[in-house]
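> Quick one: sequence plus predicted model below, questions after.
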Amino acid sequence: MRSLGPNLPFYPMKTIRILNNVLRCRATSILVILVLIFSPLRMHAQGAVTKVYAPTISSATTSTTYSGTGATGNSGSGLTGNTYNYKFGVGVTGNNMAVLDSFVAYGLNYHYDPATSFVKFRRVDGVVTGARKSFRIEQDGNTVAAGGTVNCFPNYDDSLERVFSERLFNVGIDNVFQNANTTNNMNVERMDVIFPYGVKATDNTKAGFVVFDWGSAGGHDPFSIAAITKLDASGNPSVYNSAVSVINTNYGSGKGGVADYVIMRKNPGEAHLLLMNNSTSQDRDGVFFRFSDLGVANNTVIYGYSVFGPDVTVSPATNMVNYANTTNFPSGTDLGGGGLDPLAVTGLWVNNATFVVLPDRVDDLHTTLMNDQVKLNWDLQNSGDLKEQVVERSIDGTNYSDLIHMPVQTGLQTALDSRPLDGINYYRLKLMQQNGSVAAYSSVNRVDTKAEMTPAMDAYPNPVKNKTVNVDIRGVANGTYQLVLLNMNGQVVFRQSVIGEQAMQSTLHLPGRLNMGTYVLQLTDNTGSKISERKIIVE
């Protein structure tokens, strides 16, 4: 929108004519018409999933079978008078697991990115007590006769946390936030998808999170979602961005396909899942939230997202932290039709892996200009599914080419660009999976080979592991210098002399008694004057 001044937006003549007419109306009419005029100017905070790719694959090697009654406990199933035969996995069908591969939203294709995450269901006892499990599971479409056989396609797994850490498109939860006894219910107040190492996007429109609901096309369930911006010492969400509310019109409609399912329940102390409701068919549709939709700026680290029932008080954002507060999280939630029925699809979804940095894979890349060569260091954290690591270089920060191919090994890594380009060089690390696809990229480092070498120091790895830290020093004259470690109270806890030259390296072995925490490492000259410093974290 153009502006006529710092506080005066520009509106087209059609809108001005409407406003002139409005001024002749009563005050109540003014309010109504202004709402109609300005409503289209509000930005949407989520995008409908318009296409879904979820192939069915065979991933089971055995079948699970058992016998049992119908589901017990409140709200009653009405099926407890019969004993059923239950079958899961290859005992029912060879192709048993529907896995979400990718989807289209905002006109772009988004695919899964392997960032480390886990799921927590936050519970508060009410009508339901303990860790009740209430699953929706795809089955063969046949109505189960009294005392008949329940044929479920997926593998048997009654751990909500484990199932929801995958991308299963034919398993979900029934009525995840329903607390009242008017329909099938649970005692979950909040669902957290936590990335303990954090994730950040260099382009906040190319990465995000998706929620799929199992329901009627055009009639899907409302909920709220918010980005987690800080974790406490126990790894639980402690700070949120503002929440985004979702209604039925925000979903795609009939895009994920219809599936037949049964509802299964397992109460604490029971051995297996038991039949709660008989065969039903519904659509599976989704809503996608880019980082930008959740108020996350470019290059800002977040730690996942939380999903809430539509009756939770989400403003201000501090209300979302304490899920046991029954004022903000009503303990008797009673939603139309039982509310949200999410599919077991979580994790990070990206348009292109180049837009995402995964700290759980690579600690920040360090580059040092030494004697007309560029030294690169990084700490590789997680290599189980990787084929190789590739150092890339660019002259413009946009177009990169492979520079060095290296085998995969965890721990501190070193590479050397012996012939950097004249002027500015950009470096990043690319991690390749066994199938040839990109698993992750590191952050980007910039080196100017023409820049005058000023005194500087770099320390890595950071956080420091095993009380050992490497130090690169450049731009100092020959002589004796001190590396001094200070705690956050300014007290010296370690000191070591080094012999300086134009470019040098040193390894510090910190005292084993040193407490974990944040410290300041300083480089000083022989008079005690500070030349450079770095804040480090000792693990």
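Arrived safely, thanks for sending. Numbering: from 1, shown residues only.
> count of residues packed around the nearest residue to N487 once chain neighbours are set aside?
For N487, ignoring the flanking residues on the chain, the nearest one in space by C-beta to C-beta, 6 or more residues apart in numbering is V493 at 5.4 Å. Glycine gets a C-beta too; all of them are placed from N, C-alpha and C. For V493, the neighbour count with other C-beta atoms under 10 Å is 16.
> pLDDT at A324, what is it?
On pLDDT, A324 comes in at 97.
> how about it, secondary structure?
At A324, secondary structure determined by DSSP: H, G, I helix; E, B strand; the rest coil is coil.
> give the contact list for it.
A324 is in contact with 124, 189, counting by C-beta atoms under 8 Å, 6 or more residues apart in numbering.
> Next one: the residue nearest to N487 from A456, what distance?
23 Å (C-beta to C-beta, to the nearest Å).
> And for G147?
Look at G147 and A456: by C-beta to C-beta, they are 77 Å apart.
> cool, L340 as well?
Using C-beta to C-beta, L340 is found at 52 Å from A456.
> out of these two, which sits in the busier spot?
L340 (27 against 16).
> which ones are touching the closest residue to that one other than its chain neighbours?
In space, and not counting its chain neighbours, L340 is closest to D221: 4.3 Å by C-beta to C-beta, 6+ apart. With contact set as C-beta under 8 Å, 6+ apart, D221 has these partners: 213, 215, 248, 310, 335, 337, 339-341.
> Switch those residues over to CSV, and while doing so, append pLDDT, secondary structure and distance to L386 to every line.
Listed next are those as CSV, based on pLDDT from 0 to 100; DSSP: H, G, I helix; E, B strand; the rest coil; distance: C-beta to C-beta, whole Å:
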residue, pLDDT, secondary structure, distance to L386
D213, 98, strand, 34
G215, 94, strand, 39
N248, 95, helix, 42
P310, 97, coil, 41
L335, 94, coil, 44
G337, 87, helix, 45
G339, 96, coil, 40
L340, 97, coil, 36
D341, 97, coil, 36
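> Filter these down to the buried ones.
Listed as buried from these are 213, 215, 248, 310, 335, 339-341; burial here means 16 or more other C-beta atoms under 10 Å.
> picking up where we left off before, let me have the contacts of D221 in a markdown table, adding distance to I404 as columns.
What follows is the contacts of D221, written out as a markdown table (distance: C-beta to C-beta, whole Å):
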| residue | distance to I404 |
| --- | --- |
| D213 | 46 |
| G215 | 51 |
| N248 | 52 |
| P310 | 52 |
| L335 | 55 |
| G337 | 57 |
| G339 | 52 |
| L340 | 48 |
| D341 | 49 |
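> Can you tell me which residue sits nearest the middle of this structure?
Geometric centre of the chain, nearest residue: G304, 3.8 Å, by C-alpha atoms, centre = their mean.
> so how far is the strand or helix carrying that one from its chain's centroid?
Using DSSP states H and E, G304 maps to strand 302-308. Relative to its chain's centre, strand 302-308 lies at 7 Å (C-alpha atoms, centre = their mean, to the nearest Å).
> now swap in stretch 102-111 and tell me
The mean C-alpha position of stretch 102-111 is separated from the chain mean by 17 Å, C-alpha atoms, centre = their mean.
> In that stretch, which residues are buried?
For stretch 102-111, the buried set under the neighbour-count rule, 16+ other C-beta under 10 Å, comprises 103-106, 110.
> same check, this time on stretch 47-64
47-50, 52, 54, 56, 60, 64.
> Check stretch 451-458 too.
456-458.
> Pop out the phi and psi values for N298.
Backbone torsions for N298, taken as degrees, to the nearest 10, come to phi -60, psi 140.
> And for it, the neighbour number?
Counted with other C-beta under 10 Å, residues neighbouring N298 total 13.
> Please apply the same query to N377.
Neighbour count for N377, taken as other C-beta under 10 Å: 19.
> tell me the two of the buried residues of stretch 102-111 that are most distant?
F103 and Y106 (10.7 Å; C-beta to C-beta).
> Which residues are in contact with each of those two?
Overlap of the contact sets of F103 and Y106 (by C-beta under 8 Å, 6+ apart) consists of F288.
> which SS state does the nearest residue to N277 once chain neighbours are set aside fall under?
Setting aside the residues directly before and after it, N277 is nearest to I263 in space (C-beta to C-beta, 6+ apart), at 3.9 Å. Three-state call for I263 (three-state DSSP): strand.
> was I right about T69 contacting S77?
No - counting by C-beta atoms under 8 Å, T69 stays clear of S77, with 9.1 Å between them.
> Looking at the contacts of D221, which one is closest to W349?
Of all those, the one with the least separation from W349 (C-beta to C-beta) is D213, at 16.4 Å.
> Just grab the bridge partners of that closest one for me.
Note on D213: beta-bridge partners D285, P342, judged by DSSP bridges.
> Let me see the contact set for it.
D213 makes contact with 220-221, 251, 284-286, 340-343 under the criterion C-beta under 8 Å, 6+ apart.
> Distance-wise, check it relative to N487.
51 Å.
> swap in W349?
Separation of W349 from N487 (C-beta to C-beta): 42 Å.
> Which one of the two is surrounded by more residues?
It is W349, of W349 and N487, that has more neighbours when counted by other C-beta under 10 Å, with 25 against 16.
> Apart from its chain neighbours, what residue comes closest to the more buried one?
Y110 (4.3 Å).
> mind listing what whatever helix or strand that neighbour lives in pairs with, with the direction of each?
Using DSSP H and E, the secondary-structure element containing Y110 is strand 108-113. According to DSSP bridges, strand 108-113 forms sheet pairs with strand 102-105 (antiparallel), strand 348-350 (antiparallel).
> picking up where we left off before, any common contacting residues for T69 and S77?
Contacts common to T69 and S77, judged by C-beta under 8 Å, 6+ apart, are L274.
> And for D417, the neighbour number?
Neighbours around D417, by other C-beta under 10 Å: 20.
> who's in contact with the closest residue to it other than its chain neighbours?
With sequence-adjacent residues excluded and distances taken as C-beta to C-beta, 6+ apart, D417 is closest to V374, at 4.2 Å. Contacts for V374 (C-beta under 8 Å, 6+ apart) come out as 367-368, 416-417, 420, 425, 427, 447, 449.
> What residues does V52 make contact with?
V52 neighbours (C-beta under 8 Å, 6+ apart): 100, 103-104, 169, 252, 255-257, 284, 286.
> my bad, should have said G81
69-70.
> Likewise for H272?
66, 68, 86, 156, 158, 266.
> swap in R361?
380-382, 431, 439-440, 442.
> Mind picking the two most distant members of those?
Pairwise distances across these peak at 12.9 Å for N382 and S442 (criterion: C-beta to C-beta).
> which of the two has more neighbours?
S442 (24 against 18).
> Pull the contacting residues for that one.
Each residue near S442 by C-beta under 8 Å, 6+ apart is listed here: 357, 361-362, 364-365, 378, 428-430.
> if you set the cut-off to 7 Å instead, what comes out?
Contact analysis of S442 by C-beta atoms under 7 Å, 6 or more residues apart in numbering lists 357, 362, 365, 378, 428-429.
> what's the closest non-adjacent residue to it?
Of all residues not flanking S442 in the chain, L429 sits nearest, at 3.9 Å (C-beta to C-beta, 6+ apart).
> Could you do A451 as well?
L369 (7.9 Å).
> Show residues contacting stretch 106-125.
When contacts are defined by C-beta under 7 Å, 6+ apart, stretch 106-125 is touched by residues 47, 101-103, 131, 160-161, 164-165, 167, 187-197, 199, 288, 304, 323-324, 331, 346-351, 353, 356, 358, 360, 439.
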